[in-house]
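[1] please find the sequence and the predicted model below.
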Amino acid sequence: MAELAYLLHEKHILESRLERMVYGSIEIRDTGSKKCIYVHRREGGLQVTKYVGEYSNELYNTIIENNVLAKDIKKRLRLVNKELLALNYLKQDLNDRVKLNIDLARRHMVDSIYKQAILEGVATTYSDTETIVNGGKVKDMNATDITKVINLKHSWDFILDENVISYPTSFPVLTQINGLVEEGLSYSAGKVRALPVSIGGSTYIPPIPLEYQIKEDLLEILNKEISLETAIELVLFVMKKQIFTDGNKRTAVIFANHYMISHGLGIIVIPAELVDEYKKLLVLYYEDRDLVSIKDFLKDKCVISF
């Protein structure tokens, strides 16, 4: 299953790169006052023509280079699809409710990322978060915080890919999410923690997680009735176990949202204005002093549904 999740991740990245690239058979049209570049290519079995921009040698050469790169990407995509087929992976058709849930998550993506960043203590504003998510540059934010926001965007894009959302919520998906959340920030991104950690403001010391036990515990949760309550259990389980060296809260929320969206249950995020309250309840939960209040909090204040 780990290999399958990795291939789905690679497939998502390759398809995303192709979607962003300008490539195709080049046509230069002379309008009299200027020359314009168009490209022709097949998309979904149909021949399409796209306007690229006013002619320049730089733009023309970029498209030439992209054509070579696109050829290599498509070749790798064919190999990935062949490997997926060998692993008996077949993309399932998503029902209408799941498709609506994906749309809901995309509409709230900037808001969700902003709220997760605040939960993690990232010094950002909603405006700066939106700028980063849309590929812009911001001032007065350090490189680490910017990377965390970018990684959250990549993580959400990953789980909202139709190939990935049709794949069962599972341990391989969990590790792929942490790998994306911590990409460029931790040498152990996506790997189960092997070193002790402590939690600020709490007496709780998470034990070193054992991979086989984590897998068994996750299966036990995921085998329960499909429900919001199960999604909440996933959030709290990943956070309390501190499965990874870092990024556990971000990973937990996105992992639970893979479950939520794949079952058409909405999305779950902790409101920025309630982060302090949430953290207090989380400490009580960690220390086994209150196991109920945080579940009620998540259910009543953190769910966006249809």
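    Ah, there it is. Given the structure is predicted, the values throughout are model-derived calculations rather than measurements. Residues are numbered from 1 along each chain as shown.

[2] where does this structure dip in pLDDT?
    Judged against pLDDT under 70, the low-scoring parts of the chain cover residues 1-2, 44.

[3] how near is Asp111 to Ile304?
    Computed with CB to CB, to the nearest Å, the distance linking Asp111 and Ile304 is 9 Å. C-betas here are computed from N, CA, C, even on glycine.

[4] quick check: neighbours shared by the two?
    Taking CB atoms under 8 Å, 6 or more residues apart in numbering as the contact criterion, the common neighbours of Asp111 and Ile304 are Val269.

[5] pull the number of nearby residues for the closest residue to Tyr204 other than its chain neighbours.
    Counting by CB to CB, 6 or more residues apart in numbering, the nearest residue to Tyr204 once its immediate chain neighbours are dropped is Tyr286, at 3.9 Å. Residue crowding around Tyr286 was assessed by other CB atoms under 10 Å; the count is 20.

[6] ok, Tyr286 to Asp111 distance?
    Here the criterion is CB to CB. By it, Tyr286 lies 27 Å from Asp111.

[7] what secondary structure does Thr245 sit in?
    Thr245 carries the three-state label coil when classified by DSSP: H, G, I helix; E, B strand; the rest coil.

[8] for it, list the residues it contacts.
    For Thr245, the contacting residues are Glu182, Ser186, Ser188, Lys191, Arg193, Leu195, Val197, by CB under 8 Å, 6+ apart.

[9] kindly recompute the last result at 7 Å.
    Under the criterion of CB atoms under 7 Å, 6 or more residues apart in numbering, the contact partners of Thr245 comprise Ser186, Ser188, Arg193, Leu195.

[10] the domain parsing of the chain - what is it?
    The domain map for the chain lists 2-86, 96-304, with the assignment taken from automatic domain parsing.

[11] how about the helices of the stretch 51-200 of the chain, start to end?
    In the stretch 51-200 of the chain, helices defined by DSSP state H, counting those that start in this stretch lie at 57-86, 96-107, 109-119, 126-133, 143-160, 162-165, 171-181, listed in chain order.

[12] single out the most deeply packed of these.
    Comparing the helices of the stretch 51-200 of the chain by mean neighbour count (mean count of other CB atoms under 10 Å), helix 171-181 comes out on top with a mean of 26.

[13] who are the packing partners of it?
    Here helix 171-181 is seen to pack against helix 2-20, helix 143-160, helix 211-222, helix 248-262 when contacts are counted using 3 or more CB pairs under 7 Å, 6 or more residues apart in numbering; DSSP states H and E.
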